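> Structure, please.
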Amino acid sequence: MDVTPREVKAMQVRGEKFRLIDVRELDEWNTVRIEGADLLPLSEFQQKAAAILDDQNEKIVLYCHHGMRSARAQGYLKSQGYADVLNLAGGIDAWAREVEPGMARY
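Okay, the predicted model is just below:
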């Protein structure tokens with residue numbers, strides 16, 4: 001299931017408990033990121049996900065640049081039994097356009 005940037009921002013404002021996971025690579029992370037996110041690159045995702053995301057019932061929001069890599073990561077987590085995994089529609093690019101217009105884009 002997808003979630004919009006505005007919905008994620010509203011979740012943050014409400015103080016809703018969830019993990020925000022960036023699946024982009026380190027160079028992208030170093031360029032720009034959403035505050036409060038943790039980095040788990042897709043290239044390392046299957047090897048490290050279980051250790052980093054150890055609660056399969058925790059709400060998780062995944063994002064990448066445009067939403068394709070995070071959708072792949074979402075499918076993987078769902079196949080591993082994770083219950084509440086959302087994909088940020090449009091990725092950090094949509095976040096920059098809709099939530100943080102001053103954020104750097106690439």
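> longest helix anywhere in the protein?
helix 68-79 (DSSP state H).
> mind checking pLDDT for the residue lying farthest from the centre of the chain?
Using CA atoms, centre = their mean, the residue of the chain lying farthest from its centre is residue 102. It sits 19.7 Å away. Residue 102 is assigned a predicted lDDT (pLDDT) of 94.
> what about residue 11, helix or strand, and which?
Under the criterion of DSSP states H and E, residue 11 resides in helix 5-14.
> Mind listing residues that contact that helix?
3, 18, 20, 36, 61, 88-90, 94-95, 97-99 (CB atoms under 8 Å, 6 or more residues apart in numbering). All C-beta atoms are positioned from the backbone trio N, CA, C, and that covers glycine.
> Pretty sure the residue farthest from the centre of the chain sits in a strand.
No: counting by DSSP: H, G, I helix; E, B strand; the rest coil, one finds residue 102 to be coil, located in no strand.
> ok, back up a step: for the longest helix of the chain, enumerate the helices and strands it packs against.
helix 45-52, strand 60-63, strand 85-88 (3 or more CB pairs under 8 Å, 6 or more residues apart in numbering; DSSP states H and E).
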